[in-house]
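> below are the sequence and a predicted model; questions follow.
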Amino acid sequence: YFFEHYINEGLKIMLKFPPIKQKQLPSSLIYQNITHYGSHRIRQNYMFDTKTGELQAVMRYIPAIISRDNSIVKSLYISYLSSYKIKHGYGSKMLNFAKYCSKKEDCNGFVHLKADFSFLPEAVPHVFYRKMGMNSGDKILDKKLDKLIKEGKNGSYNDIPCSPMYYPPISYPKKHNKYLDFIKRIFRFD
């Protein structure tokens, strides 16, 4: 009787507390550490594959004060972003993580970087950044990037110069018609 009672009670306990179900890990995890470069604290982020442990991407950033859209703002400056496999979404994940960190670092979602072609001169990263919603602030360059995206091409260092890229996109400077400004000054009645 004692043994039978014990089993019944044990079953009741098991029914009250079912086994804990483990949530499945995401495909990638980001590890962050902080290094010091002089008086600056640089955040380094490493994205790893949770199944294989392989390093997928690396990003370094630092909050900075910049001028954008005729005002001074705090923005997250990405000094280095590298994906170890192209066209796997690692760079996109890191850039989205930078947008998240920008809010966390009180940068109001502002992110900027300098796009260059030092690693892949025949496939510049500008097109990727443009697809991710960034712009250079140069209307002509952004139109060229949009055309490359539409055609499914990637520019080379011969086509695209090194340039800053901003998220959210900055407004384009207004072109002033010097002749029209001159006429307005002549006929101004104060």
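Cool, got the structure.
> list the contacts of the helix or strand harbouring residue 114.
Counting by DSSP states H and E, the element that carries residue 114 is strand 111-115. The set of residues external to strand 111-115 that reach it, using Cβ atoms under 8 Å, 6 or more residues apart in numbering, is 64, 66, 68, 75-79, 81, 95, 98-99, 102, 124-126, 129, 134, 136, 162-167. In short, each C-beta sits where N, CA and C put it, glycine included.
> cool, stretch 130-141 as well?
By Cβ under 8 Å, 6+ apart, the surrounding residues in contact with stretch 130-141 are 92, 95, 111, 115, 126, 142, 145-146, 149, 160-161, 163-170, 172-173.
> which element is residue 100 on?
According to DSSP H and E, residue 100 maps onto helix 90-104.
> in helices only, show me the contacts of stretch 130-141.
92, 95, 126, 142, 145, 146, 149 (DSSP state H).
> all the strands of this structure, residue numbers only.
Per DSSP state E, the chain carries strands over the ranges 28-37, 40-49, 55-68, 71-83, 111-115, 163-167.
> alpha carbons of the third one, in PDB - could you do that?
If I follow you right, that is strand 55-68. The C-alpha trace of strand 55-68 is given here as PDB (Å, rounded to 0.1, in the frame of the first residue of the first chain):
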ATOM      1  CA  LEU A  55      32.600  33.700 -35.900                       C
ATOM      2  CA  GLN A  56      30.100  35.200 -38.400                       C
ATOM      3  CA  ALA A  57      30.700  39.000 -38.100                       C
ATOM      4  CA  VAL A  58      32.600  41.700 -36.100                       C
ATOM      5  CA  MET A  59      31.600  45.300 -35.500                       C
ATOM      6  CA  ARG A  60      33.100  48.100 -33.500                       C
ATOM      7  CA  TYR A  61      31.300  51.300 -32.600                       C
ATOM      8  CA  ILE A  62      31.600  54.400 -30.400                       C
ATOM      9  CA  PRO A  63      29.000  57.100 -29.600                       C
ATOM     10  CA  ALA A  64      30.000  60.400 -31.300                       C
ATOM     11  CA  ILE A  65      28.700  63.900 -31.700                       C
ATOM     12  CA  ILE A  66      28.100  64.900 -35.300                       C
ATOM     13  CA  SER A  67      26.400  67.500 -37.400                       C
ATOM     14  CA  ARG A  68      23.400  66.300 -39.400                       C
END
